[in-house]
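Participant: the amino acid sequence is not available; the structure is as follows:
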């Protein structure tokens, strides 16, 4: 993206100072956005305030970054300059400043969660992060698996960091980037319930995979700055934390809801938090008003069996609550799809598309998708077939589900 502080600056003329708000979707992470001061993390809309004098310039920048402007709304320039913004505008501005402006929750928070729960947002910001300490850092990939993925637990008892299942926190790695500027934050989905892994309100946990890839030109291995930092942390090490952020992935309060979760790799992080809240004994004791009796169905895509993150926990829950929890794996390097190719999550969704579509006809059913953005098209294609059979156009029906707060996506 570009420097929002420059875009949102006051123009020199009265006409040029008119402000407009762009709602943008589809911004992608690339070498150009890497040079900006915040990360692009979640799907959904980004809201950008633009002076009239720079509208064409910003439109071109958005297009270069793969974005699409879906709406343009006029704002009062005077109210922005004088600070007389509405609470909604203020919250959006804070998220954009922190690099979280593309949180879809800024536009349509889930009413089910908001009605009964105080949703904490941006308690700690990038210019004043909370400094926590590492409690533990445990490997999640078993022997023979691919890559490094860690479950990292942080002590937050010294601060005021509160969060809900489905939210994210930012981590600021130490040091400076290639331009000599302080490293920008990266957002990670929280993998623990609001009470923490120890159910004592003192910790927050993440599921982090070390990013690694080969430079196509030099053939050298490149490792992600923040993910490598987190994966190498030791107990007692300090970590800078911001947030929490996000309203799109919150669970409904209804204990009889039907929750369909589709994840790839570390996209399981928020779903682990959901499942702990639903089924763990100590969590159920801590939440007497939320005793889950519905259906939780996880469709989980990984490369190999040793890469099934939290497998023991999933099997324990499945054994104890067979009528309320089911898990369907798509193990790409070990299983074959009907065409004889690798089995990916979209193939599993296609296998069960009739059942999933039938469940979607119930108002209590919510779908959550988290992980690699590439799986979305395949999921849409599978459910489109069922929608056509029912005489519906999938994209239209999907928009209805989103409007009803029953279709939730966090991909990257």
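Facilitator: On my side now, so go ahead. Values in this document were obtained by computation on a predicted structure and should not be read as measured data.
Participant: CA atoms for contacts and neighbours, from now on please.
Facilitator: Fine.
Participant: now the element after the lengthiest helix in the chain, going C-ward?
Facilitator: Using DSSP state H, we find that the single longest helix of the chain is helix 375-389. The helix or strand immediately downstream of helix 375-389 is helix 394-403, counting by DSSP states H and E.
Participant: just checking, what packs against the longest helix of the chain?
Facilitator: Helices and strands touching helix 375-389, by 3 or more CA pairs under 8 Å, 6 or more residues apart in numbering; DSSP states H and E, are helix 345-351, helix 353-360, helix 394-403.
Participant: list the contacts of that helix.
Facilitator: 345, 346, 347, 349, 350, 353, 354, 357, 393, 394, 395 (CA atoms under 8 Å, 6 or more residues apart in numbering).
Participant: and the gap between the residue nearest to residue 293 when sequence neighbours are not counted and residue 364?
Facilitator: Spatial nearest neighbour of residue 293, chain neighbours left out: residue 256 (5.0 Å); criterion: CA to CA, 6 or more residues apart in numbering. To residue 364, residue 256 is 7 Å away according to CA to CA, to the nearest Å.
Participant: residue 129 now?
Facilitator: Taking CA to CA, one finds residue 129 at 38 Å from residue 364.
Participant: also residue 64?
Facilitator: Where residue 364 is concerned, residue 64 sits at a distance of 40 Å (CA to CA).
Participant: residues of the longest helix of the chain that come out buried?
Facilitator: By 16 or more other CA atoms under 10 Å, the buried positions in helix 375-389 come out as 375, 376, 378, 379, 380, 381, 382, 383, 384, 385, 386, 387.
Participant: walk me through the domains of the protein.
Facilitator: Here the domain parsing of the chain from automatic domain parsing is 4-107, 130-245, 258-411.
Participant: how about stretch 306-315: buried residues?
Facilitator: Quick answer for stretch 306-315 (16+ other CA under 10 Å): 306, 307, 308, 309, 314.
Participant: mind checking which of the residues you listed are in helices?
Facilitator: residue 314.
Participant: of the buried residues of stretch 306-315, which is the nearest to residue 189?
Facilitator: Using CA to CA, residue 309 comes nearest to residue 189 of the buried residues of stretch 306-315, at 14.6 Å.
Participant: residue 131 in helix, strand or coil?
Facilitator: Assigned with DSSP: H, G, I helix; E, B strand; the rest coil, residue 131 falls in the strand class.
Participant: my read is that it contacts residue 237, right?
Facilitator: No: Residue 131 is beyond contact range of residue 237, at 9.9 Å (criterion: CA atoms under 8 Å).
Participant: which one of the two is surrounded by more residues?
Facilitator: residue 131 (17 against 14; other CA atoms under 10 Å).
Participant: quick one: low-confidence ranges for this protein?
Facilitator: For the chain, the stretches with pLDDT under 70 are 1-18, 27-45, 52-53, 56, 60, 63, 70, 75-117.
Participant: quick one, helices of it?
Facilitator: 4-7, 31-34, 55-64, 77-82, 87-98, 111-114, 225-231, 269-279, 281-286, 311-320, 345-351, 353-360, 375-389, 394-403.
Participant: returning to that earlier point: so which of the domains of the chain comes closest to residue 121?
Facilitator: domain 130-245 (5.2 Å).
Participant: so how far does the closest one reach from one end to the other?
Facilitator: So domain 130-245: terminal residues 14 Å apart, CA to CA.
Participant: what's the closest of the buried residues of stretch 306-315 to residue 266?
Facilitator: residue 309 (7.8 Å).
Participant: please enumerate the strands of the stretch 51-200 of the chain.
Facilitator: Under the criterion DSSP state E, counting those that start in this stretch, the stretch 51-200 of the chain contains strands at 68-75, 130-139, 149-155, 168-172, 186-189.
Participant: so can I have a markdown table of the ones you listed showing distance to residue 24?
Facilitator: Converted to a markdown table, the strands of the stretch 51-200 of the chain look like this (distance: least, CA to CA, whole Å):
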| stretch | distance to residue 24 |
| --- | --- |
| strand 68-75 | 4 |
| strand 130-139 | 30 |
| strand 149-155 | 32 |
| strand 168-172 | 21 |
| strand 186-189 | 19 |
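Participant: before we move on, the earlier item: which of the helices and strands packed on helix 375-389 sits most buried?
Facilitator: Burial of the helices and strands packed on helix 375-389 is given as mean neighbour count (mean count of other CA atoms under 10 Å); helix 345-351 ranks first at a mean of 21.
Participant: ok, and what's touching that one?
Facilitator: Under CA under 8 Å, 6+ apart, the answer for helix 345-351 is 262-264, 299-301, 328-330, 337, 356, 375, 378-379, 382-383.
Participant: looking at those residues, which one is closest to residue 184?
Facilitator: Proximity of the contacts of helix 345-351 to residue 184 (CA to CA) peaks at residue 264, which lies at 25.1 Å.
Participant: count of neighbours near that closest one?
Facilitator: The number of residues near residue 264, taken as other CA under 10 Å, comes to 24.
Participant: show me the contacts for the closest residue to residue 150 other than its chain neighbours.
Facilitator: What sits nearest to residue 150 in space, not counting adjacent residues and going by CA to CA, 6+ apart, is residue 139, at 4.5 Å. Applying CA under 8 Å, 6+ apart, one finds that residue 139 lies in contact with 148, 149, 150, 151.
Participant: who wins for neighbours among the residues you listed?
Facilitator: Busiest of the contacts of residue 139 [other CA under 10 Å] is residue 149, holding 25 neighbours.
Participant: and for that one, nearest residue in space, chain neighbours not counted?
Facilitator: Going by CA to CA, 6+ apart, residue 149 has residue 209 as its nearest residue, at 4.0 Å.
Participant: quick check: the one you found vs residue 269, distance?
Facilitator: Distance from residue 209 to residue 269, by CA to CA: 11 Å.
Participant: which one of those two has more residues nearby?
Facilitator: Each of residue 209 and residue 269 has its neighbours counted (other CA under 10 Å); residue 269 has more, 28 against 21.
Participant: what is the burial count for residue 23?
Facilitator: 20.
Participant: thought it was touching residue 67?
Facilitator: No: applying CA under 8 Å, one finds residue 23 not in contact with residue 67, separated by 9.9 Å.
Participant: okay, residue 64 and residue 364: which has more neighbours?
Facilitator: residue 364 (17 against 14).
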